[in-house]
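Colleague: let me see the structure of the following:
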Amino acid sequence: MERNACTITTDGLPFTQSYQKVTATGGRNDSSSNCSIYMDYNATTPVNTEVIETVTEALQVAWGNPSSSYTPEATFLPVSKVTGCIEVDDVIGAVRPTTCLVSVMLANNETGVLMPIAEICQRVKALNQQRDTETPRILLHTDAAQAVGKLRVDVRDLGVDYLTIVGHKFYGPRIGALYVRGPGTSSPVYPMFFGGGQERKFRPGTENTPMIAGLGKAAELVVRNLEVYASHMQEVRDYLEEKLLTVFGKDKLHFNSHFKGSNRLPNTCNVSILGPNLQGRKVLLHCRRLLASVGAACHSDKGNRPSHILLNSGIPYDVAENALRLSVGRATSKEDVDAIIEDLKQAVNEVEVGAAQAGQ
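Modeller: I've put the predicted structure just below:
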């Protein structure tokens with residue numbers, strides 16, 4: 001179903017991203033037109049113009065070739081229903097003599113809540129010093145996919161052994177990268193696939209030079225412009241939440257990303273518009289311009305069930321099923337916010353009027 005498809009310019013170049021025949025804005029949203037307004041930047045971001053140029057150049061210039069089983073046991077820990085994040089004491093309390101890896105995401109992709117990775121690393125390293133030579137050292141991994149491009153990420157500050165990122169969360173290509181502290185020496189790395197030895201036998205196959213170059217350019221732009229990106233996104237996100245309160249009122253809303261004592265990403269607003277018929281998916285179906293989601297795409301196989309992330313964070317079922325994840329990007333403007341607030345207002349009105357008529 002095509003909804004108000006249009007081409008938006010990004011840094012002077014036209015950009016049209018079609019997904020399921022819905023055109024998403026790649027750079028500047030045009031709030032004055034009838035074009036859709038994209039607010040799902042936690043799902044994916046458009047590729048930055050400079051990144052496109054780097055990938056194109058690499059395709060043209062650097063086209064040459066650059067060069068016994070066991071079953072692990074995993075322990076899953078809940079987050080605090082007060083803070084929305086993992087408790088450090090719970091992590092330490094779950095460590096057993098056989099524990100060899102602790103993996104915690106740096107920022108949650110639905111609530112935006114930041115996890116205490118640095119403190120976890122400090123405590124785990126203290127445990128490692130107490131272990132004898134026969135007991136495996138505990139390694140630490142964090143998934144920083146949602147954090148890069150929105151806040152400062154430094155492996156030295158975090159103290160992790162492994163860190164993963166993915167380009168399409170910070171305006172780069174859909175390619176990932178794994179940071180390893182001392183690969184093959186202080187931090188073991190074992191291949192999942194076997195074949196050629198181009199990448200020091202860690203991974204077979206020919207390196208994807210254009211995508212690697214694009215990821216590098218996207219990371220370079222983050223390092224150069226992070227303060228500007230983050231401050232803009234937070235300003236617009238805060239304006240969004242203020243406008244929601246103004247239009248719908250405090251009693252009609254529940255901010256699922258507000259947890260006492262926790263920090264969150266500067267761009268993320270997870271909110272429920274309260275009402276028996278205002279499920280998030282239903283409200284979005286009635287929106288004419290807003291392109292957003294009810295949660296993470298990686299959990300879309302759950303059907304119409306509310307997000308398990310919200311439920312595990314203490315959000316009541318009837319509130320969680322009304323959730324909307326609104327995540328702003330580098331080019332989202334306050335004018336965009338004004339437009340989608342009006343869109344949400346009419347959508348909620350349509351749903352409530354329709355429900356009232358059906359009940360007569």
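Colleague: ok, longest helix in this protein?
Modeller: Criterion DSSP state H: the longest helix present in the chain is helix 209-248.
Colleague: show me where the stretch 151-300 of the chain dips below the pLDDT cut-off.
Modeller: Within the stretch 151-300 of the chain, the stretches with pLDDT under 70 are 297-300.
Colleague: same thing but 90
Modeller: 182-209, 294-300 (pLDDT under 90).
Colleague: mind listing the strands for it?
Modeller: Taking DSSP state E, counting those that start in this stretch as the criterion, the stretch 151-300 of the chain carries its strands at 162-166, 176-180, 253-255, 268-273, 290-291.
Colleague: still on that earlier bit, give the buried residues for the longest helix of the chain.
Modeller: Neighbour-count burial for helix 209-248 flags 209-219, 221-222, 226, 229-230, 232-234, 236-237, 239-241, 243-244, 248 (criterion: 16 or more other CB atoms under 10 Å). For the C-beta atoms, the positions are set from N, CA and C on the backbone; glycine is no exception.
Colleague: hang on, the earlier thing: deepest-packed of the strands of the stretch 151-300 of the chain, please.
Modeller: With neighbours taken as mean count of other CB atoms under 10 Å, the strands of the stretch 151-300 of the chain reach their highest mean count in strand 268-273, at a mean of 25.
Colleague: note down every partner strand of it and its orientation.
Modeller: Applying DSSP bridges, strand 268-273 is found paired with strand 253-255 (antiparallel), strand 323-327 (antiparallel).
Colleague: ok, Thr45 - contacts?
Modeller: Gly149, His168, Lys169, Phe170, Tyr171, Gly172, Gly329, Arg330 (CB atoms under 8 Å, 6 or more residues apart in numbering).
Colleague: Val337: which of these is nearest?
Modeller: Proximity of the contacts of Thr45 to Val337 (CB to CB) peaks at Gly329, which lies at 12.1 Å.
Colleague: my guess is that closest one contacts Leu265, does it?
Modeller: No. Here Gly329 lies out of contact with Leu265, judged by CB atoms under 8 Å, at a distance of 11.9 Å.
Colleague: circling back to that earlier point, quick one: closest of the strands of the stretch 151-300 of the chain to Ala62.
Modeller: Short answer: strand 176-180, nearest of the strands of the stretch 151-300 of the chain by CB to CB, at 17.8 Å.
Colleague: adjacent strands (with direction) for that closest one?
Modeller: strand 162-166 (antiparallel).
Colleague: by how many degrees do the partner strand and helix 209-248 diverge?
Modeller: Using axes from the mean of the first three to the mean of the last three CA atoms, to 10 degrees, the direction of strand 162-166 lies 80 degrees away from that of helix 209-248.
Colleague: contacts for strand 162-166, please.
Modeller: Residues contacting strand 162-166 (CB under 8 Å, 6+ apart): 139-145, 148, 153, 155, 174-181, 187, 219.
Colleague: cool, stretch 305-312 as well?
Modeller: 78-79, 108, 110-111, 256, 270, 294-296, 299, 302, 315, 317, 319-321, 323.
Colleague: cool, stretch 93-102 as well?
Modeller: By CB under 8 Å, 6+ apart, stretch 93-102 touches 73, 75, 77, 91, 120, 124, 127, 135-141.
Colleague: and that stretch, average pLDDT?
Modeller: Stretch 93-102 shows a mean pLDDT of 94.
Colleague: and stretch 304-315, how far apart are its ends?
Modeller: Stretch 304-315 has an end-to-end distance of 16 Å (CA to CA, to the nearest Å).
Colleague: what do you get for stretch 106-122?
Modeller: Start-to-end, stretch 106-122 (CA to CA) is 15 Å.
Colleague: got the buried residues for that stretch?
Modeller: Under 16+ other CB under 10 Å, the buried positions of stretch 106-122 are 106-117, 120-121.
Colleague: repeat that for stretch 336-354.
Modeller: Here stretch 336-354 shows Asp336, Val337, Ala339, Ile340, Ile341, Asp343, Leu344, Ala347, Val348, Glu350, Val351 as buried, counting by 16+ other CB under 10 Å.
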